[in-house]
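Trainee: Attaching a predicted model along with its sequence, questions to come.
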Amino acid sequence: MSDWVVQAIATAVKAGLVIGIAMNIVPLLIYLERKISAYMQGRIGPNRVNLVLGDVRYLLPPSMRDAVPASLSRFKLIPGSLQPLADAVKLAFKEEIVPASADKVLYYLGPLVAFVPVATALAFIPFGTGTWDLFGTGHVIDLRIASADVGVLGLFAISSLGVYGIAAGGWGSGSKFPLMGAVRASAQMISYEVPMGLALLAAIATVGSVDTQAFVYEQATTWGGMGWLVFKQPLAALIFLVAMFAENNRLPFDLPEAEPELVGGYHTEYSGLKFALFFLGEYMAMILMCSLFVTIFLGGWSLPFVVDPSGTSGLNALASGLVFLAKIMLVLNFQVWIRWTLPRFRYDQLMHLGWKVMVPLALANLVVTAIVLHLAA
Amino acid sequence: MGNVHDHAHDHGHDHGHGAEEEEGAPGTTLADRTYIPAVMRGIKLTLARFLQPKATVQYPEESVYDRGSDDRAIGTQNPRLRGEHILVKDEQGREKCVACLLCMAACPALCIYIEPEAAPADWGPDRERRPKVFELDMLRCIYCGYCEEACPCDAIRLTPKLYQPTTSRLERVYDKQRLLENNQDAQVPQRPRK
């Protein structure tokens, strides 16, 4: 079989894999978020909706059933593990209410535009090694969907479209609180894309490429496999991390949906599955930004002694994928952790931090990086 | 993530590090203005909260009274609390109730329903009647204790036992059997008598 046929099939499989895994991280993340928030507030969190495997006493012969106490007889795999499913079912059965004053086209388009670009941008994320020799057949598979040279730039170009979904949803709702949420979201996301891009520029200058896979190889092959940009570019990593929270509209930057001020923000007028799609888009954006942070600053799929960056075996490729997944989960949990640690910013504080602190810092970082690189060259 | 203060305690500002305090008021030093030490302290605090014991009580499986807490507000139960009723049995295991209907008449919530019948012949000459049906609607009951006061035979009593939640209203209507079984529950403490 010619190589391009294999590559085409492999790309389709990779696309299914990435979307499948990302969509399955979302319920896991919802569960973890509820559990972690509960634990940090001294509660237990959801533990009633369980995957119960029936009564195990019926596996025993009738004469022995009474020996097992009833309390021990029901397996609860993970307490509350089916809570996200219950949430989804609830949302699916909710009535869809479209406000009379809504701009129908924009109202229906909003959740879609908030979700699709974010899911599309995942195509640029390398989730494993780029040198997997497909079962020894000589076809080298790059474990990312789009092996495009534009890399990070393409990812940003597509994921930035997500803000249009929020703006369209807020404007199309024909109601004042969603509009204010949408305006805040637009202003905030545009503001924080600037320091984020500048921090990224310093990282690009350090690596010398915009190719996402090149970022990982640069980090995996220098400093004994620990040449992660979080160590080489700590300030850029910090700026990127903070901007990442703002891009995802997460606390302490969740002003677009600040409950005490704006009811529900841009999704106030949404119900049922359209709200679920907004919700999904938000969590997908979290996954995207965390994967990006892992790829650029935390060495991507690489880990010394576990993954060989130039290995061609299937086991190596699998290990790289699992390492990547583990790193994303850690960063995602860090986002949840921060959410329950820091209170929300005031709007002027948000703009002050974005334009007067982070932009100059990122610029200075870029200049210093350029000078150091020039002297080193 | 930068210069973290060595604050051993969350209330570290009570005994601040002299050198930094002298340079400027709290909130004006570079470390304070980057918020990084404060954020790190916050992260440490939420982690400590994450690991600490949880306050949740898994009602109805467990009750705050099971905890034996030192907190007088939640951990102790007043023995005079008026909770679920019981029908008392005499020494021979017969219900003491003679179906005189006085509790039914005394009840301000009309939650008691009694149908009397003749007592079995082998119960002896001292017992003529007993309740055939004794139903008590726990949802209507206001737990005033008038039935207990009205009873001439000390047959109905209120216990400090709190009722369990149910999934249907019908389950809250206790019949004679249930009220008698309530009595045999070793967990039921007795209220002090007058």
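Mentor: Now that the structure is in, tell me what you want to look at.

Trainee: burial measure for residue 88, as a count.
Mentor: Because you didn't say which chain, this covers chain A. 18 (other Cβ atoms under 10 Å in any protein chain shown). Just so you know, the C-beta spots here come from the backbone N, C-alpha and C atoms, and that holds for glycine as well.

Trainee: my bad, the chain I had in mind was chain B
Mentor: 17.

Trainee: Could you spell out the sheet neighbours of the lengthiest strand in chain B, each with its direction?
Mentor: Ordering each strand of chain B by length in residues (DSSP state E) puts strand B:129-137 first. As defined by DSSP bridges, the strand partners of strand B:129-137 come to strand B:112-118 (antiparallel), strand B:173-174 (antiparallel).

Trainee: Now do it: distance to the chain's middle.
Mentor: How far strand B:129-137 lies from its chain's middle: 27 Å, per Cα atoms, centre = their mean, to the nearest Å.

Trainee: hmm, who's touching that strand?
Mentor: Contact partners of strand B:129-137, identified using Cβ atoms under 8 Å, 6 or more residues apart in numbering or on different chains, comprise B:85, B:87, B:94-95, B:97-100, B:111-119, B:123, B:172-176, B:179.

Trainee: what does the very next helix or strand once past that strand contact?
Mentor: The first helix or strand that comes after strand B:129-137 along the chain, using DSSP states H and E, is helix B:146-150. Outside helix B:146-150, the residues within contact range by Cβ under 8 Å, 6+ apart are B:85, B:102, B:103, B:105, B:106, B:107, B:108, B:112, B:156, B:157, B:158.

Trainee: which of these count as buried?
Mentor: Listed as buried from those are B:85, B:102, B:103, B:106, B:107, B:112, B:156, B:157, B:158; burial here means 16 or more other Cβ atoms under 10 Å in any protein chain shown.

Trainee: Taking the residues you listed together, which two end up most distant?
Mentor: Among these, the pair separated by the greatest distance (Cβ to Cβ) is B:102 and B:158, at 15.5 Å.

Trainee: now residue A:254, nearest residue through space, not along the chain?
Mentor: Of all residues beyond its chain neighbours, the one nearest residue A:254 is residue A:344 (6.2 Å), with distances taken as Cβ to Cβ, 6 or more residues apart in numbering or on different chains.

Trainee: typo on my end, residue B:118
Mentor: residue B:129 (6.4 Å).

Trainee: any chance you could map the helices in the chain?
Mentor: This is for chain A. Per DSSP state H, chain A carries helices over the ranges A:3-40, A:83-92, A:104-121, A:151-159, A:162-172, A:176-207, A:212-221, A:229-232, A:234-247, A:259-262, A:272-297, A:314-339, A:347-351, A:359-376.

Trainee: I was after chain B.
Mentor: B:18-23, B:30-33, B:36-51, B:72-75, B:102-106, B:146-150, B:176-184.

Trainee: Could I get the ones you listed in CSV, plus columns for mean pLDDT and distance to residue A:301?
Mentor: CSV is the format used below for the helices of chain B (pLDDT from 0 to 100; distance: least, Cβ to Cβ, whole Å):
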stretch, mean pLDDT, distance to residue A:301
helix B:18-23, 48, 42
helix B:30-33, 77, 36
helix B:36-51, 89, 27
helix B:72-75, 50, 50
helix B:102-106, 92, 76
helix B:146-150, 91, 73
helix B:176-184, 76, 63
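
Trainee: now residue A:174, nearest residue through space, not along the chain?
Mentor: residue A:101 (3.4 Å).

Trainee: Am I right that the one you found is in contact with residue A:176?
Mentor: No: between residue A:101 and residue A:176 there is no contact under Cβ atoms under 8 Å: 10.4 Å.

Trainee: Next, count neighbours for residue B:151.
Mentor: Neighbour count of residue B:151, defined by other Cβ under 10 Å: 19.

Trainee: who's in contact with it?
Mentor: Listed by Cβ under 8 Å, 6+ apart, the contact partners of residue B:151 are B:102, B:103.

Trainee: re earlier: tell me the most buried of the helices of chain A?
Mentor: helix A:162-172 (a mean of 25; mean count of other Cβ atoms under 10 Å in any protein chain shown).

Trainee: Can you check what angle separates that one from helix A:234-247?
Mentor: Computed by axes from the mean of the first three to the mean of the last three Cα atoms, to 10 degrees, the angle separating helix A:162-172 from helix A:234-247 equals 30 degrees.

Trainee: Distance from helix A:162-172 to the middle of the chain?
Mentor: When distances are taken as Cα atoms, centre = their mean, helix A:162-172 is centred 20 Å away from the chain's centroid.

Trainee: From the rest of the structure, what touches stretch A:142-157?
Mentor: A:11, A:14-15, A:18, A:121-132, A:193, A:197, A:200, A:204, A:209-215, A:292, A:296, A:301, A:317, A:320-321.

Trainee: how about the residues of chain B that lie near chain A?
Mentor: Proximity of chain B to chain A, by Cβ under 8 Å from any Cβ of the partner chain, involves residues B:1-2, B:39, B:42-43, B:45-47, B:49-50, B:52, B:54-56, B:58.

Trainee: can you rerun that using 7 Å?
Mentor: For chain B, the contact set with chain A under Cβ under 7 Å from any Cβ of the partner chain comprises B:1, B:39, B:42, B:43, B:46, B:49, B:50, B:52, B:54, B:55, B:56.

Trainee: how many neighbours does the fifth one have?
Mentor: In other words, residue B:46. Residue B:46, neighbours per other Cβ under 10 Å, totals 21.

Trainee: Tell me where the model's unsure across chain A.
Mentor: The model of chain A has pLDDT under 70 over residues A:52-58, A:69-77.

Trainee: how about a cut-off of 50?
Mentor: Along chain A, no part satisfies pLDDT under 50.

Trainee: ok, now how distant is the residue nearest the centre of it from chain B?
Mentor: Ranked by distance to the mean C-alpha position of chain A (Cα atoms, centre = their mean), the top residue is residue A:287 at 1.0 Å. Distance of residue A:287 to chain B, computed by Cβ to the nearest Cβ, to the nearest Å: 22 Å.

Trainee: So that residue is in contact with residue A:22, correct?
Mentor: Yes: if you go by Cβ atoms under 7 Å, residue A:287 and residue A:22 touch, sitting 5.4 Å apart.

Trainee: who touches stretch A:107-121?
Mentor: A:19, A:98, A:155, A:158-159, A:161-162, A:164-166, A:168-169, A:172-173, A:270, A:274, A:277-278, A:280-281, A:284-285, A:288 (Cβ atoms under 7 Å, 6 or more residues apart in numbering or on different chains).

Trainee: Now do the contacts for the closest residue to chain B within the stretch 251-377 of chain A.
Mentor: Using Cβ to the nearest Cβ, the point where the stretch 251-377 of chain A gets nearest to chain B is residue A:341, with a distance of 4.3 Å. Under the criterion of Cβ under 7 Å, 6+ apart, the contact list for residue A:341 reads B:42, B:43, B:46.

Trainee: gap between the second one and residue A:149?
Mentor: For residue B:43, the distance to residue A:149 under the criterion Cβ to Cβ, to the nearest Å works out to 39 Å.

Trainee: Chain neighbours aside, what residue packs nearest to residue A:92?
Mentor: Once flanking residues are discounted, residue A:92 sits nearest to residue A:273: 6.0 Å by Cβ to Cβ, 6+ apart.

Trainee: Might one say that that neighbour is in contact with residue A:91?
Mentor: Yes: counting by Cβ under 7 Å, residue A:273 touches residue A:91, with 6.2 Å between them.

Trainee: burial of residue 62, as a residue count?
Mentor: I went with chain A, as the question did not name one. 8.

Trainee: try chain B instead
Mentor: 11.
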